[in-house]
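# predicted model follows, preceded by the sequence.
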2 protein chains.
Amino acid sequence: MPASARELRALVFDVFGTVVDWRGSIIREGRRLGRARRLRVDWPAFADAWRAGYRPAMARVRSGELGWTSIDALHRMILDDLLRQFRIAGLSEAEKDHLNRAWHRLRPWPDARGGLARLKRGFTIATLSNGNVALLVNMAKHARLPWDCVLSAELFRHYKPDPEAYLGAARLLGLEPRQLMLVAAHKDDLFAAKACGLRTAFVRRPLEFGPQVRTDLRAERAFDFNVDDFFDLAARLLPGKP
Amino acid sequence: MPASARELRALVFDVFGTVVDWRGSIIREGRRLGRARRLRVDWPAFADAWRAGYRPAMARVRSGELGWTSIDALHRMILDDLLRQFRIAGLSEAEKDHLNRAWHRLRPWPDARGGLARLKRGFTIATLSNGNVALLVNMAKHARLPWDCVLSAELFRHYKPDPEAYLGAARLLGLEPRQLMLVAAHKDDLFAAKACGLRTAFVRRPLEFGPQVRTDLRAERAFDFNVDDFFDLAARLLPGKP
């Protein structure tokens, strides 16, 4: 174990893309709805467009243009635009709400559940997601993710990468930032955590944006760990434990 | 199942006294310290005095006399007084801190872990405690309590029985108050939750204050359930499930 990991007490995880496969899950839910309602929609394009609306929507909250708005509400604002854009008509309010809550039912990457269970033996494991608490709790229940604690930007009313989110997680867990490590598939999230004094682990998720999109998977010396999945991280952090 | 329980989605639990035996745990930790440091202390009286300081300390926060102060910090203020009062001298700062964190290591009542596991199959289960998040997370890890979510007065900066704590829990879980039930061994907590629209389950914990103290264990018609332990509650809420 590197020296930097010796003081480590807790791992906090980015969720969308790092723990769960949002793209594959949204496409699958879309196709199911499409079959039921006989819709002709390019669901991969729909999933990508939904996710593409996410950062600009959060930026409006981070800049103060919008007051605090949960991810559920931001997802719904984007969805209402997309339904027009993709010419999907005739959905009831209950169907729209169910589709919006597809984000509560995202499926974990194949290593996530088992890798988390292993990491949980050595550390406190918690979410640190921009997703709201209800979304994360429902997702954990649905996907059987064994979190010790569900932490969300909602608790701090600051979306990542605002420093309040990372420092707030350390404060609630009663730890110094250096005792905490962010695990994420996104380098900007990790650099922001590092600037707050947290340890960092980059997890490669080559399929997050689909098989056609090349993502930046290069290891960075700035991060404490660069790993292929959660089992790889567990092997590095807990080398003695099977 | 009574009609009132049909809409139920989540159970939130008071923790000190309801889930864990604070008195027996503090006495045991005190006796261990006493043996190690050759102290002659009436540890049951010490435990009772520590707990007796808890409500007045929280009242100072609730009234605004003290700014927001975590239970860890309030426990430590009371502990420092008690060390003088019980003439316990010569403890190092590390020993005092370890003793203060005895509240992170409280042991569950015998039915708690198994009863929670059963209730978790039908509902989201979460803490709703005045204990701070770090305390509750460490306790859950130590006692293997299978919470879906750790909610604390700390997240709302309002101690129970302030309504902000109960309504805040409903908001974070994305539920209406009537979809939430407080499970507690203390009637004042339950009446405050009921006033906010939550469902209520009273759990009898006859030994919370020790075998010598008679506590009010009478069923109340005002509560949705009056039960003997968490298995009893599971049998009433999930009658089909073994």
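That came through fine. Numbers count the residues shown, from 1 in each chain, chains lettered A, B, ... in the order given.
# buried stuff in the lowest-mean-pLDDT helix or strand in chain A?
Lowest by mean pLDDT, DSSP states H and E among the helices and strands of chain A is helix A:54-62, with a mean of 94. Of all the residues in helix A:54-62, those buried under the rule 16 or more other CB atoms under 10 Å in any protein chain shown are A:Y54, A:A57, A:M58, A:V61, A:R62. Every residue, glycine included, has its C-beta placed from N, CA and C.
# what's whichever helix or strand comes after that helix packed up against?
Counting by DSSP states H and E, the next helix or strand C-terminal to helix A:54-62 is helix A:71-85. Applying 3 or more CB pairs under 8 Å, 6 or more residues apart in numbering or on different chains; DSSP states H and E, one finds that helix A:71-85 makes contact with helix A:43-52, helix A:54-62, helix A:93-100, helix A:133-143.
# so which elements touch the longest one?
If you count contacts as 3+ CB pairs under 8 Å, 6+ apart, helix A:133-143 packs onto helix A:71-85, strand A:124-129, strand A:149-152, strand B:124-129.
# pLDDT averaged over the third one - what is it?
To tie it back to what came earlier, the one meant is strand A:149-152. Strand A:149-152 shows an average pLDDT of 98 in the prediction.
# one step back: export the helices and strands packed on helix A:133-143 to JSON lines and tack on distance to B:L238?
Putting the helices and strands packed on helix A:133-143 into JSON lines (distance: least, CB to CB, whole Å) gives the following:
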{"stretch": "helix A:71-85", "distance to B:L238": "28"}
{"stretch": "strand A:124-129", "distance to B:L238": "27"}
{"stretch": "strand A:149-152", "distance to B:L238": "23"}
{"stretch": "strand B:124-129", "distance to B:L238": "12"}
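# so for B:L79, which of these sits nearest?
Nearest to B:L79, of all the helices and strands packed on helix A:133-143, is strand B:124-129, at 19.0 Å by CB to CB.
# name every strand pairing with the closest one and say which way it goes.
Strand pairing for strand B:124-129, using DSSP bridges, gives strand B:10-13 (parallel), strand B:149-152 (parallel).
# any idea how far the first one is from the middle of the chain?
Here strand B:10-13 shows a centroid-to-chain-centroid distance of 12 Å under the convention CA atoms, centre = their mean, to the nearest Å.
# excluding chain neighbours, what is closest to A:N226?
Excluding the flanking residues, the one nearest A:N226 by CB to CB, 6 or more residues apart in numbering or on different chains is A:A219, at 3.6 Å.
# how many other residues sit next to the residue nearest to A:P177 when sequence neighbours are not counted?
Setting aside the residues directly before and after it, A:P177 is nearest to A:G197 in space (CB to CB, 6+ apart), at 3.4 Å. Using other CB atoms under 10 Å in any protein chain shown, A:G197 has 15 other residues around it.
# again with A:H75
The burial count assigned to A:H75 is 24, neighbours taken as other CB under 10 Å.
# hmm, it is touching A:W50, no?
Yes - using CB atoms under 8 Å, A:H75 is in contact with A:W50, at 7.3 Å.
# which of the helices and strands packed on helix A:71-85 has the lowest average pLDDT?
Per-stretch averages of pLDDT across these put helix A:54-62 at the bottom, with a mean of 94.
# gap between that helix and the chain center?
Remark: helix A:54-62 is offset 15 Å from the chain centroid, using CA atoms, centre = their mean.
# what do you get for stretch A:159-174?
Distance of stretch A:159-174 from the chain centroid (CA atoms, centre = their mean) equals 15 Å.
# and the contacts of that stretch?
Stretch A:159-174 is touched from outside by A:9-10, A:12, A:14, A:58, A:61-62, A:124, A:126, A:128, A:130, A:149, A:151, A:153, A:155-158, A:176-177, A:179-180, A:182, A:188-189, A:191-193, A:195-196, A:198, B:72, B:132-135, B:137-138, B:154-155, with contacts defined as CB atoms under 8 Å, 6 or more residues apart in numbering or on different chains.
# again with stretch A:233-242
Here stretch A:233-242 makes contact (CB under 8 Å, 6+ apart) with A:1, A:5, A:8, A:115, A:118-119, A:121-123, A:183, A:201, A:203, A:225, A:227.
# many thanks, we can stop here.
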